[in-house]
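> coordinates only, sequence not included:
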């Protein structure tokens, strides 16, 4: 079970529309359930540094099957898995990565969004993840 | 001068149509003139190993301002720049990477295609690069 | 739109003069708008470890289109994008990286300076970035 | 004993003049005797992919105290040290890297040039290395 290009593209386009609606330019990455890149779009004027962040947010979500910021609850200083963010060739543990699930709740990939303020990135990622056929 | 998302998406879609027309599933990467990812799509059933190849073909084309297989003329055993393919964190010097140029002939990015036979990949990349607004 | 070697060299020389004026030896890196190295100079007696820091300060500035220390406001512990400095193959988020802009305000590169005290590095980078033709 | 910035800059400028005289745009890197970057210039229109090559040619020359293409005599297929070029985080073993020596013949660094045809790069590097005070 994994995401189709049609679904991935729909997710990217929903996220892009959500970003445009709030006036920000972001990078949007969609990975499949194995963590491999499926679709990507960088909106014009999005900062170059956020390409890697969008990819790593999506990677973080799919590898741990949770929102990227939830991983921080485990990895932050003093938490049980402190330092976790240095594994897997660097994780990004702030908001903007969201798992994608099929109609039966199985994880089929993740979306990662970066380029706006963190809460904006999260809202855009959530909007993308609502794609009905994902 | 760099490529817009609209142009990059058009290029991806043209390449995808060309691949579908010959019955192959490929990865399609579009980079900007600085070598940064702008748009990407992996068609359903494209092999996972070709994601990295598509990205590196596009990188090779934009870094050397030529088709990826032309770099091989310089880098192959016995050629003047033998071993060149190990630089720049690994180049891919077989066909499927094509530079993108604006109407004045300036390089604004590159497309990389991988997943079919090499000559098929090349034909798909060339089809994508013909996007009129690139 | 990117920086010329003439402009990059002028920026390096202005920074070098500013460093000499306060009696410090620094590394000075100028990157283009895509983050690629354009010009570099290491003043005699600058410590070896600051070569990489100067390069990464400039990279940080061009990737996020802001002074390197401003990135720290987002990435520091407790800030929204905590851990950001581990992305993009390591960022440097203390002062000494400054974006370079053309006369219309578009980013055409960045300067990174390292070798003195952080506030000295920042002053030297700012002096370099004032190059009138940048 | 190592190279001064004044000498490194003179070498870069001599190489740049030699490249301009034959109508090519190259990257010019000067490393010190420890292999650390001392000065660098990318001429306008030099291809992006040759930045890394210029740096690696200079690295190869200083690490083995010989012209970069001479290393190939040891590393080529069938030669005693076949595969050598994969060590030291990738060497470049075609022409364009030349050691720099002081008046007593001691190695004080290296120049690496890339961007033209290999023999052009070599001629430009040799021209740079003739700096009288190096």
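Received, thanks. Here the structure is a predicted model, which is why all the values come from computation and not from measurement.
> so where does residue A:113 fall, helix or strand?
Following DSSP states H and E, one finds residue A:113 within strand A:107-114.
> Just checking that strand against chain B, any contact.
No. Using CB under 8 Å from any CB of the partner chain, strand A:107-114 stays clear of chain B, coming no nearer than 11.2 Å. Just so you know, the C-beta spots here come from the backbone N, C-alpha and C atoms, and that holds for glycine as well.
> Let me see the mean pLDDT of the very next helix or strand once past that strand.
The helix or strand immediately downstream of strand A:107-114 is helix A:118-129, counting by DSSP H and E. Averaged across helix A:118-129, pLDDT comes to 97.
> likewise stretch A:10-28?
98.
> So what touches it?
A:30, A:39-46, A:50-51, A:53-55, A:100, A:111-117, A:120-121, A:123-125, A:127-131, A:133-134 (CB atoms under 8 Å, 6 or more residues apart in numbering or on different chains).
> what comes up buried for it?
A:10-16, A:18-19, A:24-28 (16 or more other CB atoms under 10 Å in any protein chain shown).
> Quick one: name the residues of chain A near chain C.
A:47-49, A:52-53, A:56, A:72, A:77, A:85-86, A:90, A:92-95, A:117-119.
> Now, those that are in helices?
A:49, A:52-53, A:56, A:72, A:118-119 (DSSP state H).
> Weed out the non-buried ones from those residues.
A:49, A:52-53, A:56, A:72, A:118.
> Quick check: phi and psi at residue A:63.
phi -70, psi -30 (degrees, to the nearest 10).
> pretty sure it contacts residue A:90?
No. With contacts counted by CB atoms under 8 Å, residue A:63 stays clear of residue A:90, the gap being 11.5 Å.
> what stretches of chain A score poorly on pLDDT?
A:131-134 (pLDDT under 70).
> before we move on, the earlier item: which helices and strands does the strand holding residue A:113 pack with?
helix A:5-21, strand A:27-32, helix A:49-64, strand A:97-101, helix A:118-129 (3 or more CB pairs under 8 Å, 6 or more residues apart in numbering or on different chains; DSSP states H and E).
> Throw the ones you listed into a markdown table and include distance to residue D:35, thanks.
What follows is the helices and strands packed on strand A:107-114, written out as a markdown table (distance: least, CB to CB, whole Å):
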| stretch | distance to residue D:35 |
| --- | --- |
| helix A:5-21 | 44 |
| strand A:27-32 | 36 |
| helix A:49-64 | 28 |
| strand A:97-101 | 39 |
| helix A:118-129 | 40 |
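> Just give me the residue closest to the centre of chain A.
The residue lying closest to the centre of chain A (CA atoms, centre = their mean) is residue A:112, at 1.8 Å.
> wait, what's in contact with that residue?
Applying CB under 8 Å, 6+ apart, the residues near residue A:112 are A:27-31, A:53-61, A:68, A:92, A:96-97, A:125.
> So for it, what's the nearest residue that isn't a sequence neighbour?
residue A:58 (3.0 Å; CB to CB, 6 or more residues apart in numbering or on different chains).
> Tell me who's in contact with the one you found.
Residue A:58 is in contact with A:29-31, A:97, A:109-112, counting by CB under 8 Å, 6+ apart.
> residue of chain A with the smallest distance to chain C?
With CB to the nearest CB as the measure, residue A:49 is the residue of chain A nearest to chain C, at 3.2 Å.
> which residues touch that residue?
Taking CB under 8 Å, 6+ apart as the test, what residue A:49 contacts is C:60, C:63-64, C:87-88, C:91.
> List just the nearest of these to chain B.
residue C:63 (9.4 Å).
> now the contacts of residue A:112: which count as buried?
A:27-31, A:53-61, A:68, A:92, A:96-97, A:125.
> Let me know the closest of the contacts of residue A:58 to chain B.
So of the contacts of residue A:58, ranked by how close each gets to chain B (CB to the nearest CB), first place is residue A:29, at 8.3 Å.
> For that closest one, name its beta-bridge partners.
Counting by DSSP bridges, residue A:29 is bridged to residue A:40, residue A:112.
> In space, what's closest to the residue in chain A positioned nearest to chain D - neighbours in sequence excluded?
Taking CB to the nearest CB, chain D has its nearest neighbour within chain A at residue A:48, 14.4 Å off. Counting by CB to CB, 6+ apart, residue A:48 lies nearest to residue C:63, which is 4.8 Å off, once chain neighbours are set aside.
> For that neighbour, grab the count of nearby residues.
Residue C:63 sits with 27 neighbouring residues when counted by other CB atoms under 10 Å in any protein chain shown.
> now swap in residue A:62 and tell me
27.
> what's the answer for residue A:74, then?
Around residue A:74 there are 15 residues (other CB under 10 Å).
> Tell me if it really is in a helix.
Yes. Assigned with DSSP: H, G, I helix; E, B strand; the rest coil, residue A:74 falls within a helix.
> Tell me who's in contact with it.
A:80-81, A:84.
> And these, which is closest to residue A:4?
residue A:84 (31.1 Å; CB to CB).
> Leaving out sequence neighbours, find the closest residue to the closest one.
Residue A:84's closest residue in space is residue A:75 (CB to CB, 6+ apart), at 3.7 Å.
> Next up, the contacts around that neighbour.
A:81-85, A:91, A:93.
> Out of those, which sit inside strands?
Under the assignment DSSP state E, the contacts of residue A:75 contribute nothing to strands.
> from these, which would you call buried?
A:84-85, A:91, A:93.
> how much space between the residue located most distally from the centre of chain A and residue B:27?
Most distant from the centre of chain A: residue A:78, at 25.5 Å, with distances by CA atoms, centre = their mean. Taking CB to CB, to the nearest Å as the criterion, residue A:78 is separated from residue B:27 by 42 Å.
> Kindly report the same for residue A:44.
Distance from residue A:44 to residue B:27, by CB to CB: 23 Å.
> Helix or strand: which one has residue A:103?
Counting by DSSP H and E, residue A:103 is part of no helix or strand.
> That one and residue A:7: what is the separation?
Residue A:103 is 11 Å from residue A:7, by CB to CB.
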